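J.: just to be clear, the model below is a prediction. Sequence and coordinates:
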Amino acid sequence: MKNLISFFLIVFSFTNVFGQNNTPTYAPPVNFTAEQDHQNMMDQLHIKSLRPGADGNNPTAPNAANYDEAKANPYPNLPNPLVMNNGKPVNTAKQWWNKRRPEIVEDFDREIYGRMPANTPKVNWEVISITHEKIGDIPVITKKLVGHVDNSSYPLDTINIQLTLSTPTNATGPVPVIMQFGFVFPPGFHFPKQPNVKAPAMPAGPSWQQQVLAKGWGCAIIYPTSVQADNGAGLTKGIIGLMNKGQPRKPDDWGALRAWAWGASRALDYFESDKAVNAKEVGLEGHSRFGKATLVTMAYDQRFAIAYVSSSGEGGAKLSRRNAGELVENVAGAGEYHWMAGNFLKYAGPLHWNDMPVDAHELIALCAPRPVFISGGQKGDGWVDARGMFMAAVAAGPVYKLLGKKDLGTTDFPPVETSLTNGDLAFRQHSSGHTDVPNWPFFIDFASRYFK
C-alpha cells in the first residue's frame, strides 16, 4: 500500500508540472496596475512614502519645479569617475577598462537601471517586406522586419520587435546607418508646461531621414514599445516579463530603459548580418524618454559608433544632483519608475540624490571613447535642464581625455544656438522647445567626421 501511494504521488506531481499531455504548464502573468506594481516595489524595499516630484505645471505649488540657477546645485560635489571605490586614482586607460569602468557599471546595474539577465533569449529576424520607394526625392530600398523573440521559456508572453531599415538604392556597398527609437507618447501623457513660455515655430525643411539619406547613409527606426511597454502595468509582460515568467520584478531587476537598449542591441545584431549595412558605423538617436534609452544603450553596448541624445533629462544626461526641472522624485513616481531599477526608488524616499553612488556624467563616461552629441531646447524645454546635461558632459570629459579623445573644450555654459562640436563630446542647445528637429543638421555634421 505504501508503495502504491508513493506511485500515485509521483504521477500526480508529473501531471501537475506537465499536464495531461506531458506539456509544461505556466502560471499566468500577474496583472498589476502601475500603481499596484509601484506599491509592490515599495513594499519590497520597506519604503513607506516617497517625496513628491517637482510640479512643472503650477508655478505657485509648494513643490513647483525650480528654474532658478541660484537654487539648482544643492549637491555640487560629483562622484569622481577617475577615482576607484577604494579611493585610488585612475591614471591609465588599462585601469579604466579593467577596474574603474566595471565598478561604475555595477553601480548603475544595482541602483539605477537594473541588471539585464545573462540568459536573454535569441531573436530570429524575419524580413516581412522589401519595398522600392522614395523618401523625399531619394530612391531607397526599405525593409520591414520583425524580430521574433524566443519565448520557449515562457510561451504565455509573445514579443515581436518592430524594425524598419531604408538604404539608398544607388549604394555600391555597405552604408552607415542612423537608427532612431521611434517615439510614441503613452495615452494620456501631458508634458509639464513652463509658465509664460510659448515655444517658437518649428523649423521647416527635410526630415531627419532625408538628411541622413542625402549623406549616402541609411536610416532605421526601432519601436521600443514592441520590446517593452512604456508603463508599470507592462512590467510582467514584454522582455522583462518574459525573463521573470510573468512575475513582478525584484529591486535590482532591469527597467524599461535597459530593456529598450536590449532591443536596440538585437537590431544591431541584425545589421551585422545585412550586407547593405556597415555595422561598424551604426549610430543611435532618441528623444526625451528615448533620449535616456539612447544614452543607456550607448553606455552598455560598445558596438554602437555614435549617439545623438536629445532632451533626455533626469535619468538620462541630466545630473541627478541638480534641483532643476524634473527630479529623481518625478522618475521614481508611479508614472515613470518602470524605466529604472526598483532600487532607484530609495533615492526619492529614505535616501537623497547625494546618496546615489553614480550620476549622469559617469553614464556619459561609459560611452567613451565613442562620440556623443547631447542636445536640448530652450523655450519650453527647461524640464530637461539643458545646463545640467552640459555640466554632466563637462564632468565626463576627463575620461575622454584619459582615453586619448577630446572633451567639450570649455566649462562655460554656451549661449543658445552655439555648437560645441570640435571634440568627441558635443553639446548644443537650440532655441525651440521639446524637440530633436532643430539639431539634426548639426548632429549629422558632427557624425560626418566619424563616418567615412
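T.: Looks like it arrived, so ask away.
J.: every contact and neighbour count from this point should use C-alpha atoms.
T.: Noted.
J.: centroid residue for this structure?
T.: The centroid of the chain falls nearest to residue 293 when counting by CA atoms, centre = their mean (1.2 Å).
J.: does that residue belong to a helix, a strand or coil?
T.: Following DSSP: H, G, I helix; E, B strand; the rest coil, the label given to residue 293 is helix.
J.: just say helix, strand or coil for the residue nearest to it when sequence neighbours are not counted.
T.: With sequence-adjacent residues excluded and distances taken as CA to CA, 6 or more residues apart in numbering, residue 293 is closest to residue 257, at 5.0 Å. Judged by three-state DSSP, the three-state class of residue 257 is helix.
J.: and residue 257, how far from residue 71?
T.: Counting by CA to CA, to the nearest Å, the gap between residue 257 and residue 71 amounts to 29 Å.
J.: now do residue 392
T.: 17 Å.
J.: before we move on, what about residue 386?
T.: Relative to residue 71, and taking CA to CA, residue 386 is found at 15 Å.
J.: which of these two has more neighbours?
T.: With neighbours defined as other CA atoms under 10 Å, residue 386 and residue 71 compare such that residue 386 has more, 29 against 11.
J.: about what we covered before: the residue nearest to the centre of the chain reaches residue 286, doesn't it?
T.: Yes: assessed by CA atoms under 8 Å, residue 293 is found in contact with residue 286 at 7.1 Å.
J.: what sits in contact with each of the two?
T.: When contacts are counted by CA atoms under 8 Å, 6 or more residues apart in numbering, residue 293 and residue 286 have no shared neighbour.
J.: what's the mean pLDDT across stretch 315-327?
T.: Here stretch 315-327 scores 98 as its mean pLDDT.
J.: all helices for this protein, in order.
T.: For the chain, helices defined by DSSP state H occupy the ranges 2-18, 34-45, 93-95, 101-107, 208-214, 238-243, 256-271, 289-300, 328-332, 360-365, 386-402, 440-448.
J.: so which other helices or strands are in contact with the second one?
T.: With contacts taken as 3 or more CA pairs under 8 Å, 6 or more residues apart in numbering; DSSP states H and E, helix 34-45 sits against no other helix or strand.
J.: likewise the last one?
T.: When contacts are defined as 3+ CA pairs under 8 Å, 6+ apart, helix 440-448 packs onto helix 208-214.
J.: any idea how many residues pack against residue 450?
T.: Per other CA under 10 Å, the neighbour tally for residue 450 reads 13.
J.: gap between it and residue 25?
T.: 51 Å.
J.: before we move on, what about residue 262?
T.: Noted for residue 262: a distance of 28 Å to residue 25, by CA to CA.
J.: and the residue nearest to the centre of the chain, what does it touch?
T.: By CA under 8 Å, 6+ apart, the contact list for residue 293 reads 257, 258, 260, 261, 286, 316.
J.: where does the last one fall, phi/psi-wise?
T.: Dihedral pair for residue 316: phi -120, psi -120, per degrees, to the nearest 10.
J.: contacting residues for the nearest residue to it once chain neighbours are set aside?
T.: Setting aside the residues directly before and after it, residue 316 is nearest to residue 292 in space (CA to CA, 6+ apart), at 4.2 Å. Residues in contact with residue 292 (CA under 8 Å, 6+ apart) are 257, 286, 309, 312, 313, 315, 316, 317.
J.: if you set the cut-off to 10 Å instead, what comes out?
T.: 257-258, 261, 285-286, 309-318, 339 (CA atoms under 10 Å, 6 or more residues apart in numbering).
J.: with residue 213 instead?
T.: So residue 213 contacts 135-140, 166-168, 176-178, 207, 219 (CA under 10 Å, 6+ apart).
J.: with residue 27 instead?
T.: 154, 156, 245, 246, 247.
J.: residue 237 versus that one, what's the distance?
T.: Counting by CA to CA - residue 27 and residue 237 are separated by 13 Å.
J.: give me the common contacts of these two.
T.: Taking CA under 10 Å, 6+ apart as the contact rule, residue 27 and residue 237 both touch 156, 245, 246, 247.
J.: chain neighbours aside, what residue packs nearest to the first one?
T.: In other words, residue 156. residue 28 (7.1 Å).
J.: gap between the one you found and residue 69?
T.: Taking CA to CA as the measure, residue 28 falls 50 Å from residue 69.
J.: please apply the same query to residue 173.
T.: Distance from residue 173 to residue 69, by CA to CA: 50 Å.
J.: over to residue 98?
T.: 38 Å.
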